[in-house]
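>>> output the structure for:
(chains A and B)
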Amino acid sequence: MTVRTRFAPSPTGYLHVGGARTALFNWLFARKHGGDFVLRVEDTDAARNTEEARQAIFDGLNWLGLDWNEGPERGGNFGPYYQSERREIYDAWFAKLVAAGRVYEDGGAWRFRFDRKPVTMHDLVCGEVTIDYRDESNTPDMVVKRSDGSYVFHFVNVVDDLEMEITHVIRGEDHLMNTPKHLQLIEAFGGKAPQYAHIPLILNPDGSKMSKRDAGAAVGDYPRQGFLSAAVVNFLALLGWNPKTEQEIFSLAELAELFTLENVNRAPARFDLEKCKWMNQQHLLGISVDEFAAAAKPFVAEAGLTVPDNYAAVIAAVKDKVRLFSEVPAAVDFLLKEDFDDDPEAVAKVRASATSAGLLGGLAQALATLPEWSADAAKAALTDVAVATGAKPGQLMFPLRVALTGRAHGPDLGDVLNLLGKDRCVKRVRNFATKLC
RNA sequence: GACCCGUUCGUCUAUCGGUUAGGACUCCAGGUUUUCAUCCUGGCAAGAAGGGUUCGACUCCCUUACGGGUCGCCA
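Predicted structure coming up:
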């Protein structure tokens, strides 16, 4: 029997990280066992569904690399994969309930009569959990068919999992209390229940419930902020699951190899954007300069910077120094234009050191008279200027950096020297020296 | 309120009765880099509280506190 998992979003909003992680775990579990990952759109609430939301969810899954091998746009033997198109199927299953005398009318709607007994579920993550349905006040009979004739979530969800032969239902813990209801329905149908695994929810940094409005909640924001999908996937996977080793950086394929439900935690995890950024940098380190340059280009252009002829060289100089693609414009602006802002703190630091500041004028002169320009030649000139006045070359490196880049941190000085060229370097050092006086 | 689930450094986590409670992010210090970053080394920092069980408890049990979830003709 092949494993079949599913992700069943309702298109009422964009894909958020909680949903994305649920999809990820289902995807990983299916891949790990060589099974099928089904996408099913639960669009039974006509009033709240939107086409934009549906598209955003598909886009999000595609961006994350969570391809479904059965579902919308891909087909399969268990369609249709939109619940809004499965009306006849639900009617047929509803008739079984009527025939079995398990539903009764109430105000135009139809309620499912629960068996009044304790119901025990064997959750793959939570273990054995029992809910006592003899307590009717806590478990009122649920509506399965609305007065307008449409079916509610509990009903269609269960019917579809049965119809689509889903073997493992991996979903958020917010569904834990729904499971006995589903089990009761399945029993009434005489069906075979899938295995359930309820995964802990993702919380905000302050421990509150993460909702769609919170920072970092929308998967669609990640590409816009310059994240690599591999990093986001990696980060999400480690929220509530761990491989029991000290390795932290994984590719999607590696995760699929290692994933097990046994290693899923019970406690909810908070979302730490800082660590997510760190993880992104780790993944950035692993891609080529070409890939990096291509991905960073839209960010450079959007910042109003002109992409230069030596773009690849510019990118190579900063590639390993940023955590997000969105940080690239600020990291390269001084290489692409003249009117960039100086960091006041860096300038003040140079100004505070009288000896090094005083050497800048001489350095500008030395650079200006260099017969041939190269980073090495420039550095040699810097050394000469420094030793001539009894200073150490290292003392001039920082001032030169600030003079050329306007900031304390940046690419390797040799790269800056090469990328800027003689004229711009001389001009910037000269201007900076004047400015300090 | 009732019913469920949970609780190890600020955060993500390891530990499945005996450990100096380990790793990672963040932060700090030092080293490497004639500069920046990377990198390396070191440091700060944790078992919610109280009872049991046990020779021995972060680990098992109970109580309390706190957090989360669920109680819809939403999904």
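
>>> could you find the closest non-adjacent residue to residue A:116?
Leaving out its chain neighbours, the residue that sits closest to residue A:116 by CB to CB, 6 or more residues apart in numbering is residue A:134, at 5.0 Å. C-betas here are computed from N, CA, C, even on glycine.

>>> oh, that last question was meant for residue A:249, not what I typed.
Residue nearest to residue A:249 in three dimensions, not counting chain neighbours: residue A:282, with 5.1 Å by CB to CB, 6+ apart.

>>> and for that neighbour, the neighbour number?
Counted by other CB atoms under 10 Å, the residues lying close to residue A:282 total 16.

>>> and what of residue A:175?
17.

>>> and what of residue A:3?
17.

>>> quick one, what contacts it?
Residues near residue A:3 by CB atoms under 8 Å, 6 or more residues apart in numbering: A:29, A:30, A:33, A:34, A:35, A:36, A:167, A:168.

>>> could you check how far it is from residue A:243?
20 Å (CB to CB, to the nearest Å).

>>> got the residue ranges for the helices in the stretch 151-300 of chain A?
A:153-163, A:179-189, A:221-224, A:229-237, A:252-258, A:273-285, A:289-302 (DSSP state H, counting those that start in this stretch).

>>> tell me what the longest one is packed against?
Meaning helix A:289-302. helix A:311-318, helix A:328-336 (3 or more CB pairs under 8 Å, 6 or more residues apart in numbering; DSSP states H and E).

>>> what sits up against the longest one?
In other words, helix A:328-336. Outside helix A:328-336, the residues touching it (CB under 8 Å, 6+ apart) are A:226, A:296, A:299-300, A:302-303, A:305-306, A:308, A:314-315, A:317-318, A:321-322, A:340, A:404-407, A:410-411, A:416, A:419-420.

>>> show me just the buried residues among those residues.
A:226, A:296, A:299-300, A:305, A:314-315, A:317-318, A:322, A:404-407, A:410-411, A:416, A:419-420 (16 or more other CB atoms under 10 Å).

>>> give the closest residue to residue A:175 in space, chain neighbours not counted.
Spatial nearest neighbour of residue A:175, excluding adjacent residues (CB to CB, 6+ apart): residue A:198 at 6.3 Å.

>>> bridged to that neighbour, which residues?
In this entry, residue A:198 is beta-bridged to residue A:171, by DSSP bridges.

>>> which stretches of the stretch 301-437 of chain A have low pLDDT?
A:354-358 (pLDDT under 70).

>>> close to RNA strand B: what parts of it are there?
A:320-321, A:379-380, A:382-383, A:392-394, A:397-398, A:401, A:408-414 (CB under 7 Å from any atom of the strand).

>>> of these, select the buried ones using a PyMOL command.
The buried subset of those, as determined by 16+ other CB under 10 Å, is captured in PyMOL by this line:
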select buried, chain A and resi 379+382+383+398+401+410+411+413
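
>>> helices - which of the residues of the stretch 301-437 of chain A next to RNA strand B land there?
Judged by DSSP state H, the subset of these located in helices is A:379, A:380, A:382, A:383, A:393, A:394, A:397, A:398, A:401, A:413, A:414.

>>> now for these, which pair is the farthest apart?
By the measure CB to CB, A:380 and A:398 form the most distant pair in these, at 17.9 Å.

>>> contacting residues for residue A:158?
A:182, A:185, A:186, A:189.

>>> what does residue A:122 give?
A:128, A:195, A:196.

>>> at 10 Å instead, please
Residue A:122 makes contacts with A:128, A:129, A:193, A:195, A:196, as judged by CB atoms under 10 Å, 6 or more residues apart in numbering.

>>> for residue A:261, same thing?
Per CB under 10 Å, 6+ apart, neighbours of residue A:261: A:25, A:28-29, A:32, A:123-125, A:168, A:170, A:195, A:197, A:199, A:241.

>>> give me the buried subset of these.
So, by 16+ other CB under 10 Å, the buried ones in the contacts of residue A:261 are A:25, A:28, A:29, A:32, A:123, A:124, A:125, A:168, A:170, A:197, A:199, A:241.
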